[in-house]
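K.L.:
I would like to see how this sequence folds:
(one chain, ligands or ions: 1)
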Amino acid sequence: MKGKGRETDPLKRIALVSTPWPLFSRPSIQLGTLKAYLSTQFPDLEVAAYHFYLKVAETIGYNLYQVISEKTWLAETVYATLLFPERLKYIEKVFCRETSGNPLVRKAGLKTLANKVKKVSDVFIDSTDWGAFGLTGFSVCLCQLTSTLYFIKRIKQRFPDLSIVIGGSMFADESTRNLFQVFPEVDFVVNGEGELPLSQLVRHLRDSQSHEEIHTIPGIVSQKTANNETPVSFSQMETLSNLPTPEYDDYFNLLKTFSPHKTFFPTLPAEISRGCWWRRQQGAAKYSGCAFCNLNLQWSGYRSKSPLQVVSEIDNLTTKHEILSVAFMDNLLPIKESEDIFTGLGKLSKDVRLFAEIRATTPRHILETMRAAGIHEVQIGIEALSTRLLKKLNKGTTAIQNLEIMKHCEELGIANVSNLILHFPGSDLLDVEETLRNLEFALPFRPLRFVHFWLGLGSPVWQDPGAFGIKAVFNHPNYAAIFPPHIFSSMNFMIQAYRGKLGLQKKIWQPVKKKVRIWKKEYAELHRGPLSTPILSFRDGMDFLIIRQKRVGTEHSTHRLVGTSRAIYLFCQRHRSLKRILAHFPGIAEDRILPFLRMMVDKKLMFEENGRYLSLAIPVKSASNSGFSSRNRANT
Ligand code: SF4
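P.N.:
Next comes the predicted model:
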């Protein structure tokens, strides 16, 4: 069969490959979705999906793999060493920088690691009969660039006639064209989502049996079409309702081959929607969506599945694989459908553990439905605790909304693993001061992780850098260390760098970093012990309220609110404007209510922003019902 499969048996079989370094504990949703879709379009087509990254994780050890997979640059250095051994001294510099504070990876060493990875990769490449496939596709997301290129290069050395197609979030629009000049082993690139273009490509290859005679296929850039002047085309499904349930059998079959002490319970990836509804054009705004975001380049608009479709997929997948952890891969859940989806999931009566990314504007009642359905962890688009900065980020949210959803998560026992973006270009001292001030009110809630802004190709900041005080944009210099000069200068890479007051940004955000570190430490300390309670909580005596405020290094304090004070505090469990408060308590004059509200803010029991008030304490009762104590025990 070797090397002649295509001529004898044209396109009866294709291979889809995902190389390191995606999270090892999940099957690839890209491979699972494409395999399921292609199987419905071509019932006689055999699709082999290789979740090869799992094999590498098993070989080098899950802990080591995880650390590497969480750091893009670190991940790219390993296969870069194999691809461009002559650049080792430059690549090693990146590796050293990225491993500072990571003794596990540093100890493993770049050369040893690269050798181990080479061995397992080459065994896989050499033992697979690539000639039996009429087409091999690679899904390339962040962290997978050098590993994919290594595989393509090695496979093409053995099977020069094999057609290779690549796609994924690493390639978008015009940046796909130059690829053929520097990586001639690649035959086709999918621009945008893969289902329709890949199906048409398969159909074409079946009919013509040649990639030389390729005509124009929407969404496919080929060696041939890339040379002409026509713009890069795009083709996506109108709705997601034709998408079958993802097919993850290949991942689970591989896992079954591991020895018992190397097996584990994976998380199932699922998708409800594609795209981001926040990226809809907003009035006269110059750009849509969040200023830093380039997550949706492969999609146009926003599409979501019906609640019935989602519930039945989760039901089928969890039953089939006997797994109860599910991560929704969506950038943003739909607003309208979410309630029905999570109500439906709740009705399955399965003890699922769900993860999703949501916006800070998600209403409380939907959060409650999500919690009841099994949402255990969320990533909220918090990004900042300064309303001034949130405006620059075009988040469409305010600090008081962010604090409110952080409080709801704390109360409902939903782990909130969200980010605080530092060093955003154009942020200034006033943004920092506001952040520091508001951080004081966030301390009772699960700490945010600070992340440094990075410039994404295609993001609004990248498109209009001048508006954010950026003087010049260019490929990130780490690519210059990894790739030879002719590749570096020919390609537009996904991670960009820029010139423009970087030193100032680093300096002004230092105090925030320091404060976030203290926050993390104190939060852990205040939750130590088997009977942990929330940092700021209240118990309701129906006519009075007792608020308990825990602090590090000092006595905890308690406050009693009686009668109307209690009623106002409870009314502001969701943020309310002064006008609403006055209207709700018509018998009480403003000059009596305002001093009370100010006193609450002074004591950090309430937060105030632009005349809106939010009570910060959470009821002890619902915190304990939500499993608060055990959750925090597990994390401290
Ligand atoms: S960060 Fe999230 S909400 Fe903002 S544009 Fe990107 S996907 Fe949409």
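
K.L.:
Give me the neighbour count for the residue lying closest to Phe151 once chain neighbours are set aside.
P.N.:
Closest residue to Phe151 apart from its sequence neighbours, by Cβ to Cβ, 6 or more residues apart in numbering: Thr19 at 5.4 Å. Heads up, the C-betas are built off the backbone N, CA and C, glycines and all. Burial of Thr19 is recorded as 26 neighbouring residues (other Cβ atoms under 10 Å).

K.L.:
For Thr19, give its distance to the ligand.
P.N.:
25 Å (Cβ to the nearest ligand atom, to the nearest Å).

K.L.:
And Phe84, by the same measure?
P.N.:
According to Cβ to the nearest ligand atom, Phe84 and the ligand sit 33 Å apart.

K.L.:
got it, and Ser273?
P.N.:
Relative to the ligand, and taking Cβ to the nearest ligand atom, Ser273 is found at 11 Å.

K.L.:
residue contacts, the closest residue in space to that residue that isn't next to it in sequence?
P.N.:
Nearest-residue entry for Ser273: Ser304, 3.6 Å, with adjacent residues in sequence omitted and distances by Cβ to Cβ, 6+ apart. By Cβ atoms under 8 Å, 6 or more residues apart in numbering, the residues touching Ser304 are Leu240, Ile272, Ser273, Arg274, Pro334, Glu337.

K.L.:
hang on, the earlier thing: please tell me I have it right and the residue nearest to Phe151 contacts Thr146.
P.N.:
No. Applying Cβ atoms under 8 Å, one finds Thr19 not in contact with Thr146, separated by 9.0 Å.

K.L.:
Quick check: neighbours shared by those two?
P.N.:
Tyr79.

K.L.:
How about the residues of the chain by the ligand?
P.N.:
Cys276, Trp278, Arg279, Gly289, Cys290, Cys293, Leu295, Asn296, Asn331, Leu332, Gly381 (Cβ under 6 Å from any ligand atom).

K.L.:
and those residues, which two are the farthest apart?
P.N.:
Spatially, the most separated pair among these is Asn296 and Gly381, at 13.3 Å (Cβ to Cβ).

K.L.:
Neighbour count for those two, which is higher?
P.N.:
Set Asn296 next to Gly381 and count neighbours by other Cβ under 10 Å: Gly381 wins out with 26 against 20.

K.L.:
Excluding sequence neighbours, find me the nearest residue to the more buried one.
P.N.:
Arg359 (5.2 Å).

K.L.:
How about the contacts made by that neighbour?
P.N.:
For Arg359, the contact set (Cβ under 8 Å, 6+ apart) comprises Trp278, Leu332, Ile380, Gly381, Thr397.

K.L.:
how far away is it from Ser300?
P.N.:
Distance, Arg359 to Ser300, by Cβ to Cβ, to the nearest Å: 20 Å.

K.L.:
How about the stretch 351-500 of the chain: which residue is closest to the ligand?
P.N.:
Closest contact between the stretch 351-500 of the chain and the ligand, by Cβ to the nearest ligand atom, is at Gly381 (5.1 Å).

K.L.:
quick one, phi psi at that residue?
P.N.:
Main-chain torsions, Gly381, degrees, to the nearest 10: phi -80, psi 60.

K.L.:
can I assume it is in contact with Ser418?
P.N.:
Yes. The pair Gly381 / Ser418 is scored as a contact, 7.4 Å apart, by Cβ under 8 Å.

K.L.:
hmm, back to that, what about the residue nearest to Ser273, distance to the ligand?
P.N.:
Computed with Cβ to the nearest ligand atom, the distance linking Ser304 and the ligand is 14 Å.

K.L.:
go on, Ile547?
P.N.:
Ile547 is 34 Å from the ligand, by Cβ to the nearest ligand atom.

K.L.:
Enumerate every residue touching the residue of the stretch 1-150 of the chain found nearest the ligand.
P.N.:
Going by Cβ to the nearest ligand atom, the ligand is nearest to Leu142 of the stretch 1-150 of the chain, at 14.4 Å. By Cβ under 8 Å, 6+ apart, Leu142 lies in contact with Thr72, Ser169, Met170, Met494.

K.L.:
repeat that for 10 Å
P.N.:
Leu142 makes contact with Trp21, Pro22, Thr72, Ala75, Glu76, Gly168, Ser169, Met170, Gly456, Met494, Ile495, according to Cβ atoms under 10 Å, 6 or more residues apart in numbering.

K.L.:
and stretch 491-508, how far apart are its ends?
P.N.:
With Cα to Cα, to the nearest Å as the measure, stretch 491-508 spans 33 Å from end to end.

K.L.:
Mind telling me what element Ala583 is part of?
P.N.:
Ala583 belongs to helix 578-584 when elements are defined using DSSP states H and E.

K.L.:
and what of Phe138?
P.N.:
Applying DSSP H and E as the criterion places Phe138 in strand 135-139.

K.L.:
Show me what that strand packs onto, helices and strands only.
P.N.:
In terms of contact count using 3 or more Cβ pairs under 10 Å, 6 or more residues apart in numbering; DSSP states H and E, strand 135-139 is assigned the packing partners strand 13-17, helix 29-41, strand 46-50, helix 145-158, strand 163-167, strand 188-190, helix 195-208.

K.L.:
Show me what the helix or strand just after the last one is packed up against.
P.N.:
Right, helix 195-208. Where DSSP H and E defines the elements, the next helix or strand beyond helix 195-208 is strand 220-222. Packing contacts for strand 220-222, counted by 3+ Cβ pairs under 10 Å, 6+ apart, involve strand 163-167, helix 179-182, strand 188-190, helix 195-208.

K.L.:
can you rerun that using 7 Å?
P.N.:
In terms of contacts (3 or more Cβ pairs under 7 Å, 6 or more residues apart in numbering; DSSP states H and E), strand 220-222 is packed against strand 188-190.

K.L.:
The strand it packs on pairs with which strands, and in what direction?
P.N.:
strand 163-167 (parallel), strand 220-222 (antiparallel) (DSSP bridges).

K.L.:
Return the distance of the first one from the chain's centre.
P.N.:
Going by Cα atoms, centre = their mean, to the nearest Å, the spacing between the C-alpha centre of strand 163-167 and its chain's C-alpha centre is 24 Å.

K.L.:
so it versus strand 135-139, what angle?
P.N.:
Here strand 163-167 runs at an angle of 20 degrees relative to strand 135-139 (axes from the mean of the first three to the mean of the last three Cα atoms, to 10 degrees).

K.L.:
Low-confidence bits of the stretch 501-636 of the chain, can you list those?
P.N.:
622-636 (pLDDT under 70).

K.L.:
so what are the domain limits for this structure?
P.N.:
Annotated domains of the chain cover 5-71+125-227, 267-456, 536-635 [automatic domain parsing].

K.L.:
for those, which one sits closest to Lys501?
P.N.:
Using Cβ to Cβ, the domains of the chain put domain 267-456 closest to Lys501, at 7.2 Å.

K.L.:
Start and end of that closest one, how far apart?
P.N.:
The first and last residues of domain 267-456 sit 28 Å apart, counting by Cα to Cα.

K.L.:
swap in stretch 102-116?
P.N.:
19 Å.
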